[in-house]
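S.K.: build me a model:
(2 chains)
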2 protein chains.
Amino acid sequence: MEQLQYQEGRTEISHYGKVALIDRLTEGSGCQGDDCAVIGEGSKKTLVTTQTLVEGVDFDMMYTPLKHLGYKAVAIAISNIAAMNGSPRQVLVSVAVSNRYSVEAMDELYAGIRLCCERYDVSLVGGDTASTRAGMVITVTLVGEVDETKVTRRSGASHNDLICVSGDLGSAYAGLLVLEREKVTYQANPNFQPDLDGFDYVLERFLKPEPRMDIVKKLAEREVVPTSMTDVSEGLADSLLHLCKASGSGCEVYEERLPIDYQCSRVCSEMSKNMLPVSCALNGGKDYELLFTVSQKDYERIKEMEGIHIIGYVTEPGMPAVMVTPQNTTIELKAQGFTRE
Amino acid sequence: MEQLQYQEGRTEISHYGKVALIDRLTEGSGCQGDDCAVIGEGSKKTLVTTQTLVEGVDFDMMYTPLKHLGYKAVAIAISNIAAMNGSPRQVLVSVAVSNRYSVEAMDELYAGIRLCCERYDVSLVGGDTASTRAGMVITVTLVGEVDETKVTRRSGASHNDLICVSGDLGSAYAGLLVLEREKVTYQANPNFQPDLDGFDYVLERFLKPEPRMDIVKKLAEREVVPTSMTDVSEGLADSLLHLCKASGSGCEVYEERLPIDYQCSRVCSEMSKNMLPVSCALNGGKDYELLFTVSQKDYERIKEMEGIHIIGYVTEPGMPAVMVTPQNTTIELKAQGFTRE
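M.R.: Numbers count the residues shown, from 1 in each chain, chains lettered A, B, ... in the order given. Below is the predicted model of the structure:
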């Protein structure tokens, strides 16, 4: 009856980086730390990714409509397939709930799941339900495919490659900040009507993100295969550090080039004068935009591409990952701890 | 800020059968309700299955060594591949934990995961970690393969097919009963030494189940392709009802033919004179044995097969699923509610 989790020589997970922990746990295995596992022998590779969302950690039922939640659970799995330059094909969804949830609530959740499947042409091929003592746990397993010649991993960036990002960054986090503010106000006074006017864009970015399959298609149309790619799920800094570590390179990005929407800036200025939009972009997360690198020879093909921003370039092996401010100060980007997930 | 889960016209999930709920949620989709999703165009099919284990629901950390837990999480996913007559190939594991767990605890968990992968020749191709506010959630996604001609679904059973089961039934549940008894005793008096002598078999059946890949291999050697198959994860009654429903048939099984180990019988007699070993076999669950049907023409090929028991036969469409007692009484098998998972 010993409780094995309490051991001597205990190392706190919070003192360990998330990436370092995964590296430790999977050392010597076939894990490459990409957004998806790549399997199969032939020229057509199968991509597999699994996403688990836990109530209270990954979503707050106070302000998350169930239909949006279902949509988002599938959307962020599709984003992992997009990050490998692949196309989503089949999805399996497993939902574990407590008796707090009704059958009608499950209908709502699945309405969102089905809507996202329809929009991205994904077949729902497996479903399962289970019970929990408290809260909801959603697990989405997505299978996709990609030509062997088009697989983009995190590890392919080379010196002088251009660093590109799609859409804008920080807006999802700004949306979360608005929802958290209104939640606190509502909890203090339940008669209070939430004020969400003028924040429609950032709210949608948080509640109903769209995976950037449109960018994957545009890259294919222009015959550009990125040298490396990942999605921006935990903030730009985290994604850049992943790419640099996997590729054995450094990077230099320019603060003034980071795409930030005016609603994100407005939320920051309303919240606190110490909150900078660039912090939302670097560390906010949940944007599900694509971060990728391309060879300099592809510059002409992507420079006019809609929705793409060139934000910097890959530096030599051994160099750090840095951001250069408009005042020409160089700031080293830091890994975040495990606790931010 | 409305909490969408509390709606008018609320239907309790507990009043809804689990299978009926999945049918409702996935209606019109490509879900066939098998143990795995079957994907791919060619003659070699890809199998995908996802298992999520939630602390406090699927496992109790009081008596579950982490290494065993890791092993079991992969083993029960492999069992789903076995149930489709396939072979496991690659696995992705995602573990979400609270700060109660140390890095060393994660090492233990992964030691079990790797051990099971080695034993069943599965490659660990993806790993991820995340945080929870409380408890551990383990998600295992397993990819396997099977020849198109050998895929066994739940839906292929025909009238007069023989019903077979591997190993023995009820032992895993008996093991759980022993552990629960010792837990209660320990909680009453922490100085009490647990008495697990003589229960090694049922404890191992619960804590470290082995997927029946050996049966899949033996069937292939004898060139027997079952007409239908599933694994026994929630008890024999549940699995039989699944097969019958999917196949549109009834069934008749004989109580005296159900394989039950003497340790299971011993646990039952020690626990209560009202607890029957046959109840453990029918409703206990977690055995991860294979339940399958074969055509009468294959009788000669399987009758001497080690570890296989013929327990009854498939009856006509429209007939119920029943068990016949040694006293020749016929008992209709009932579906269990959602709450038993």
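S.K.: close to chain B, is stretch A:103-116?
M.R.: Yes. Stretch A:103-116 is in contact with chain B by Cβ under 8 Å from any Cβ of the partner chain, via A:103-108, A:110, A:114. Where you see a C-beta, it was placed from the backbone N, CA and C, and this is true even at glycine.
S.K.: show me where the stretch 151-300 of chain A has strands.
M.R.: A:162-166, A:228-232, A:250-254, A:289-294 (DSSP state E, counting those that start in this stretch).
S.K.: for the third one, packing partners?
M.R.: With contacts defined as 3 or more Cβ pairs under 8 Å, 6 or more residues apart in numbering or on different chains; DSSP states H and E, the packing partners of strand A:250-254 are helix A:236-247, strand A:308-315, strand A:321-324.
S.K.: circling back: in TSV: the residues of stretch A:103-116 next to chain B, plus neighbour count.
M.R.: Converted to TSV, these look like this (neighbours: other Cβ atoms under 10 Å in any protein chain shown):
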residue	neighbour count
A:Val103	20
A:Glu104	18
A:Ala105	22
A:Met106	24
A:Asp107	17
A:Glu108	20
A:Tyr110	23
A:Arg114	22
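S.K.: mind checking how far the one helix or strand A:Leu109 maps to is from the chain centre?
M.R.: Secondary structure from DSSP states H and E places A:Leu109 in helix A:103-119. Remark: helix A:103-119 is offset 21 Å from the chain centroid, using Cα atoms, centre = their mean, to the nearest Å.
S.K.: phi, psi of the residue nearest to the spatial centre of chain A?
M.R.: Closest to where the C-alpha atoms of chain A average out (Cα atoms, centre = their mean) is A:Ser233, at 1.9 Å. The phi/psi pair for A:Ser233 (degrees, to the nearest 10) reads phi -100, psi -30.
S.K.: could you pull up the residues touching it?
M.R.: Applying Cβ atoms under 8 Å, 6 or more residues apart in numbering or on different chains to A:Ser233 gives the contacts A:76, A:79, A:239, A:285-288.
S.K.: kindly report the same for A:Glu256.
M.R.: Neighbours of A:Glu256 in contact, by Cβ under 8 Å, 6+ apart: A:Pro326.
S.K.: now with 10 Å?
M.R.: Residues counted as contacts of A:Glu256 (Cβ atoms under 10 Å, 6 or more residues apart in numbering or on different chains) are A:278, A:311, A:324-326.
S.K.: which PyMOL command selects the buried ones in those?
M.R.: Here is the PyMOL command that selects the buried residues among those (16 or more other Cβ atoms under 10 Å in any protein chain shown):
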select buried, chain A and resi 278+311+324
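S.K.: who touches A:Leu243 in this structure?
M.R.: Per Cβ under 10 Å, 6+ apart, neighbours of A:Leu243: A:153-157, A:161, A:163, A:227-230, A:249, A:251, A:291-293, A:314, A:321.
S.K.: at 6 Å what do you get?
M.R.: Residues in contact with A:Leu243 (Cβ atoms under 6 Å, 6 or more residues apart in numbering or on different chains) are A:154, A:157, A:228, A:230.
S.K.: which of these tops the neighbour count?
M.R.: A:Ala157 (29 neighbours; other Cβ atoms under 10 Å in any protein chain shown).
S.K.: partner strands of the helix or strand A:Val125 falls within, parallel or antiparallel?
M.R.: In the assignment (DSSP H and E), A:Val125 maps to strand A:123-131. Strand pairing for strand A:123-131, determined by DSSP bridges: strand A:87-97 (parallel).
S.K.: how about residues contacting the strand it pairs with?
M.R.: Here strand A:87-97 makes contact (Cβ under 6 Å, 6+ apart) with A:78, A:81, A:113, A:120, A:122-130, A:132, A:136-145, B:37, B:39, B:50, B:52, B:54.
S.K.: give me the angle between it and helix A:103-119.
M.R.: Per axes from the mean of the first three to the mean of the last three Cα atoms, to 10 degrees, the angle that strand A:87-97 makes with helix A:103-119 is 170 degrees.
S.K.: go through strand A:87-97 and flag the buried ones.
M.R.: A:87-97.
S.K.: also stretch A:208-222?
M.R.: Using 16+ other Cβ under 10 Å as the test for burial, stretch A:208-222 gives A:208-213, A:215-216, A:218-219.
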